[in-house]
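Peer 1: using only what follows, build the 3D model:
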Amino acid sequence: MSTYLNLFVTRKYGGEGNAEEKTQFIKVGAAFPHKNGEGFGIEVTEGISVSGSLVALPPQDKENENGNRSNGRKSK
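Peer 2: Residues are numbered from 1 along each chain as shown. You can find the predicted model right below:
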């Protein structure tokens, strides 16, 4: 398991006409587990305004140079 989790906000795009709706994950910070094992410390990247839902995911090799990731799965 990773020693931290990346924090993302999500943005839906596509879905017009016959296009499949997709979700873009925009990295806004990281969550680090507390030393006592309970809870996480959250660090939001300086200068970023965050609103909406946050998603915490382990790091992946597929993140682009901005730390963002996209998936091709249908969103609910």
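Peer 1: list the buried residues of stretch 42-57.
Peer 2: For stretch 42-57, burial by neighbour count (16 or more other C-beta atoms under 10 Å) applies to no residue. All C-beta atoms are positioned from the backbone trio N, CA, C, and that covers glycine.
Peer 1: return the distance of it from the chain's centre.
Peer 2: Centroid separation for stretch 42-57 versus its chain: 8 Å, with C-alpha atoms, centre = their mean, to the nearest Å.
Peer 1: and the contacts of it?
Peer 2: The contact list for stretch 42-57 (C-beta atoms under 8 Å, 6 or more residues apart in numbering) reads 5-10, 25, 27-32, 40.
Peer 1: for the protein, which segments count as strands?
Peer 2: Assigned by DSSP state E, the strands in the chain fall at 5-13, 22-33, 40-44, 54-57, 69-71.
Peer 1: can you redo those as TSV with mean pLDDT?
Peer 2: Below are those laid out as TSV (pLDDT from 0 to 100):
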stretch	mean pLDDT
strand 5-13	92
strand 22-33	93
strand 40-44	93
strand 54-57	91
strand 69-71	55
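Peer 1: for R11, give me its contacts.
Peer 2: So R11 contacts 23-24, 26 (C-beta under 8 Å, 6+ apart).
Peer 1: next one: it from P33, what distance?
Peer 2: Distance, R11 to P33, by C-beta to C-beta, to the nearest Å: 27 Å.
Peer 1: circling back to that earlier point, which two among the contacts of stretch 42-57 are spaced furthest apart?
Peer 2: The largest separation in the contacts of stretch 42-57, counting by C-beta to C-beta, is between T10 and F32 at 21.3 Å.
Peer 1: got the phi/psi numbers for S49?
Peer 2: Backbone dihedrals for S49, given as degrees, to the nearest 10, come out at phi -90, psi 120.
Peer 1: just the pLDDT at it, thanks.
Peer 2: Among the per-residue scores, S49 shows a pLDDT of 87.
Peer 1: ok so, going back, from the contacts of R11, list just the buried residues.
Peer 2: For these, a neighbour count by 16+ other C-beta under 10 Å gives the buried set as 23, 26.
Peer 1: from the contacts of R11, pick the one nearest G17.
Peer 2: The closest of those, once distances to G17 are taken by C-beta to C-beta, is T23, at 18.1 Å.
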